[in-house]
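# Requesting a structural model of the entry that follows:
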Amino acid sequence: MVIITLQRKKCIGCNYCVELAPEQFQMSKKDGKSVLIHSQERKGFHTLKSADDNIYEDSVKAKEACPAKIISVKIK
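Predicted coordinates:
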């Protein structure tokens with residue numbers, strides 16, 4: 001299982017996550033910040049738990065490219 005967490009409030013809108021992992025991220029037209037698709041929000045953290053291990057590599061690339069360091073990716 002892959003667990004991706006996004007601290008959306010700290011997003012600077014650089015768009016790297018969308019370019020590297022478009023299956024998981026998109027940019028909001030309302031505020032220009034990243035949105036973690038199909039995530040659950042709790043206390044400012046948006047979390048996606050997926051059984052699809054194929055999303056891991058692209059998600060890690062998005063995490064490493066993020067200049068604000070607001071993406072976390074774990075595998076269980």
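
# For the helix of greatest length in the chain, name the packing helices and strands.
The longest helix of the chain (DSSP state H) is helix 56-65. For helix 56-65, the elements it packs on are strand 2-6, helix 16-20, strand 71-75, judged by 3 or more Cβ pairs under 8 Å, 6 or more residues apart in numbering; DSSP states H and E. The C-beta positions use only the backbone N, C-alpha and C, and glycine is treated the same way.

# and these, which is most packed in?
Compared across those, strand 2-6 shows the largest average neighbour count, a mean of 21 (mean count of other Cβ atoms under 10 Å).

# List the strands paired with that one, with their directions.
strand 45-50 (antiparallel), strand 71-75 (antiparallel) (DSSP bridges).

# Measure how the last one sits relative to helix 56-65, angle-wise.
Inter-element angle recorded for strand 71-75 and helix 56-65: 150 degrees (by axes from the mean of the first three to the mean of the last three Cα atoms, to 10 degrees).

# I'd like the strands paired with strand 2-6 written out as a markdown table, with distance to E19 and mean pLDDT added.
Output for those, formatted as a markdown table (distance: least, Cβ to Cβ, whole Å; pLDDT from 0 to 100):
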| stretch | distance to E19 | mean pLDDT |
| --- | --- | --- |
| strand 45-50 | 18 | 98 |
| strand 71-75 | 13 | 97 |
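
# could those strands go into CSV alongside distance to A62?
Formatted as CSV, the strands paired with strand 2-6 follow (distance: least, Cβ to Cβ, whole Å):
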stretch, distance to A62
strand 45-50, 12
strand 71-75, 6
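
# now the end-to-end length of stretch 40-57.
Separation of the first and last residues of stretch 40-57 by Cα to Cα, to the nearest Å is 21 Å.

# from the chain's centre, how far out does that stretch sit?
Put simply, stretch 40-57 sits 7 Å off its chain's centre (Cα atoms, centre = their mean, to the nearest Å).

# Please apply the same query to stretch 50-65.
9 Å.

# same check, this time on stretch 18-29
Worked out by Cα atoms, centre = their mean, stretch 18-29 lies 8 Å from the chain centre.

# just stretch 10-20 next, same as before
9 Å.

# need the helices and strands packed on helix 56-65 in CSV with distance to E64, can you?
Formatted as CSV, these follow (distance: least, Cβ to Cβ, whole Å):
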stretch, distance to E64
strand 2-6, 13
helix 16-20, 9
strand 71-75, 9
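
# Fine by me, thanks again.
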